[in-house]
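Novice: Fold the following, please.
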Amino acid sequence: MHDYLDALATAPGPALPSHGVRTEFAAGAAAMALDWSDIGTVATDPASSKIRDRVGFFALPGTDQVWNPVAKRWDRLAAPRPVPFLAFGGWIAVVPRGAADPKAAWDYIAFLADPARAARDVMTGASGFNPYRLSQLDDTAGWSTLMGAQAAADYLSVLRESLSAPQTAPDLRLPGYPAYMAALDARLGRVLAGEITPEAALAAAATDWDRITDRLGRASQRRHYREAMGLEAAP
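Specialist: Okay, here's the model as predicted:
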């Protein structure tokens, strides 16, 4: 949170929504942007970008300090270890049990996920889709035509590196996820408004999370969490 506040202090104005970051970067108004993969296609689009030939891509760096939850201390690694954050859990489509027309919903999903259509969508910055099939990463000719050979090589390399990393951090995947995130967002919003300190906000969020966990069942939540993280069942 302190790093977040330090970053905001250097901004020329109020925080921007995601697409605002992309368009400002593509307009040459920023030197660096941390964003989803969408920014790659926006920043290299000759119709909207003023920096098309001056864009590079890199994976977020790792750290050589990690928290040891057993010993309750920070341990230092021999070398920095990157752990990419795989947000949203990938592209997932579902049809609710109570949908009025399940067949129409599934037909739409099939239409949207058609390999040829999806390959075009991931190359369009306005679609919101990022590559999610290996075939989309293998189409080097298509990406080179879109972005230029060097930018395409860098962009695809970063995506492959992040998606194939041996250790990744997925989104929280357990019952009550919206409640956990809403509680955290509310506390962080007060920090950004200058109402409370990061320490007070995160302590309060931890209390909120404990309350949510107790309401949903601590043992059940622990089981769901371990399953989602690929860990062995607790003894």
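
Novice: Around residue 207, how many other residues sit close by?
Specialist: Using other CB atoms under 10 Å, residue 207 has 12 other residues around it. Just so you know, the C-beta spots here come from the backbone N, C-alpha and C atoms, and that holds for glycine as well.

Novice: From residue 156, how far off is it?
Specialist: Distance, residue 207 to residue 156, using CB to CB, to the nearest Å: 44 Å.

Novice: and the strand ranked longest in the chain, what does it pack onto?
Specialist: The longest strand of the chain (DSSP state E) is strand 73-81. Applying 3 or more CB pairs under 8 Å, 6 or more residues apart in numbering; DSSP states H and E, one finds that strand 73-81 contacts strand 63-68.

Novice: who does the strand it packs on pair up with?
Specialist: strand 73-81 (antiparallel) (DSSP bridges).

Novice: And the contacts of stretch 126-139?
Specialist: Contact with stretch 126-139 is made by 36-38, 90-91, 115, 118-119, 121-122, 156, 159-160, as judged by CB atoms under 8 Å, 6 or more residues apart in numbering.

Novice: Check the average confidence over it, would you?
Specialist: Averaged across stretch 126-139, pLDDT comes to 86.

Novice: Going forward, the N-terminal residue is numbered 11.
Specialist: With the count now opening at 11, the last piece we talked about shows up as stretch 136-149.

Novice: Now it: buried residues?
Specialist: For stretch 136-149, burial by neighbour count (16 or more other CB atoms under 10 Å) applies to 139, 140, 141, 142, 146, 147, 149.

Novice: That one: how far from the chain's middle?
Specialist: The chain centre lies 15 Å from the centre of stretch 136-149; the measure is CA atoms, centre = their mean, to the nearest Å.

Novice: Now do the longest helix anywhere in the chain: which elements does it pack against?
Specialist: With secondary structure taken from DSSP state H, the chain has its longest helix at helix 208-226. Where contact means 3+ CB pairs under 8 Å, 6+ apart, helix 208-226 is packed against helix 187-202.

Novice: In the helix it packs on, which residues are buried?
Specialist: Buried positions in helix 187-202, judged by neighbour count with 16+ other CB under 10 Å: 189, 190, 193, 194, 197, 198, 201.

Novice: can you pull the contacts of the first one?
Specialist: In other words, residue 189. Each residue near residue 189 by CB under 8 Å, 6+ apart is listed here: residue 222.

Novice: shaky segments in the protein?
Specialist: Residue ranges of the chain with pLDDT under 70: 99-100, 244-245.

Novice: circling back: for residue 207, state which of the buried residues of helix 187-202 is nearest.
Specialist: The closest of the buried residues of helix 187-202 to residue 207 turns out to be residue 201 (CB to CB; 7.2 Å).
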